[in-house]
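Trainee: missing the sequence, but the structure's below:
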Ligand SMILES: Nc1ncnc2c1ncn2[C@@H]1O[C@H](COP(=O)(O)OP(=O)(O)OP(=O)(O)O)[C@@H](O)[C@H]1O
């Protein structure tokens, strides 16, 4: 479903050049929930942004549903793949109502039947229709993330790219959003590629995971192998240990690795 082959991307020129992705390759099967983990700055979000068409200066091959992705964003691509960002507040236009935010992609894509589609999606993400008249600042963090998920789904994409979709939320709300994502996945057999710091989230939702460090994939493995301690690399084993038994010493060890 998602094929990433030898993806390379750098920022800056000459001495300031920063190679952020180096020959990143992995494949996600249709309907799979696939996790991307690794330390901060390892390039996880950058991979998603290349797939979403937000970065265009990459090299390599990207394909979704056997369709090679061009670098520029196109309408067919928006209907194939959508991204949900970490911060639901920053990703929603502050002066547009929720109704307008959800209708806008339908207008851009010339899709009719907008009223019904918006209402159906609000139902799906667990928000009443009264939310159509509200503005983002009148919503809680969890409600805003529900709107961001609804907006990502309004064009009925086959792939959702999820960039730490719960990390900006209160712990009590995180589980609600994860459960919503799991229910939506089951209902529509979407394919998810999800960046997270949280191995608990990986264990709860994902079937496979790729571990990144310094812009490279260290290893890909099934979540069963991850939780049963069958990781191949010391770094992945350390991530698992750190998540099971968090301590200051362990945090130092991971940071220094
Ligand atoms: N627009 C940009 N211009 C220059 N450098 C960038 C840009 N976006 C990302 N980077 C750099 O690319 C590297 C990878 O960033 P990325 O956001 O992909 O990491 P990440 O693994 O998602 O980290 P985190 O878990 O902290 O979100 C970082 O060194 C970052 O500073």
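Mentor: Looks like it came in fine. Keep in mind it's a predicted model, so treat the numbers as computed, not measured.

Trainee: so what's residue 93 up against?
Mentor: 100, 101, 136 (C-beta atoms under 8 Å, 6 or more residues apart in numbering). No exception for glycine: its C-beta is placed from N, CA and C like everyone else's.

Trainee: from these, which single one is nearest the ligand?
Mentor: residue 136 (22.2 Å; C-beta to the nearest ligand atom).

Trainee: what's the neighbour count on the closest one?
Mentor: 21 (other C-beta atoms under 10 Å).

Trainee: what of residue 35?
Mentor: 26.

Trainee: quick check: it vs residue 235, distance?
Mentor: Going from residue 35 to residue 235 by C-beta to C-beta, to the nearest Å gives 15 Å.

Trainee: residues from the chain in reach of the ligand?
Mentor: Applying C-beta under 6 Å from any ligand atom, one finds that the chain approaches the ligand through 11, 20, 38, 40, 41, 42, 43, 44, 45, 46.

Trainee: host element of the residue nearest to the last one when sequence neighbours are not counted?
Mentor: Think residue 46. Of all residues not flanking residue 46 in the chain, residue 20 sits nearest, at 5.3 Å (C-beta to C-beta, 6 or more residues apart in numbering). Using DSSP states H and E, residue 20 falls within strand 18-28.

Trainee: buried set for that strand?
Mentor: Residues 20, 21, 24, 26, 28 are the ones in strand 18-28 that count as buried (16 or more other C-beta atoms under 10 Å).

Trainee: among the residues you listed, which pair sits farthest apart?
Mentor: Greatest spatial distance among those (C-beta to C-beta): 20 and 28, at 20.5 Å.

Trainee: the strands in this structure, which residues?
Mentor: 2-11, 18-28, 33-38, 59-64, 67-68, 81-84, 159-163, 191-195, 208-213, 216-222 (DSSP state E).

Trainee: dump the ones you listed to TSV, plus distance to residue 152 and mean pLDDT.
Mentor: What follows is those, written out as TSV (distance: least, C-beta to C-beta, whole Å; pLDDT from 0 to 100):
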stretch	distance to residue 152	mean pLDDT
strand 2-11	16	96
strand 18-28	17	96
strand 33-38	15	95
strand 59-64	15	95
strand 67-68	19	90
strand 81-84	4	94
strand 159-163	6	96
strand 191-195	11	96
strand 208-213	21	95
strand 216-222	25	95
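
Trainee: would CSV of the ones you listed with distance to residue 141 be doable?
Mentor: Listed next are the strands of the chain as CSV, based on distance: least, C-beta to C-beta, whole Å:
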stretch, distance to residue 141
strand 2-11, 28
strand 18-28, 28
strand 33-38, 22
strand 59-64, 30
strand 67-68, 35
strand 81-84, 14
strand 159-163, 15
strand 191-195, 18
strand 208-213, 26
strand 216-222, 32
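
Trainee: residue ranges in the stretch 101-250 of the chain under the pLDDT threshold?
Mentor: The stretch 101-250 of the chain contains residues with pLDDT under 70 at 245-250.

Trainee: tilt between the lengthiest helix in the chain and strand 191-195?
Mentor: Longest helix in the chain, counting residues (DSSP state H): helix 171-188. Helix 171-188 runs at 160 degrees relative to strand 191-195, counting by axes from the mean of the first three to the mean of the last three C-alpha atoms, to 10 degrees.

Trainee: and helix 171-188, which residues are buried?
Mentor: Quick answer for helix 171-188 (16+ other C-beta under 10 Å): 173, 174, 176, 177, 178, 180, 181, 184, 185.
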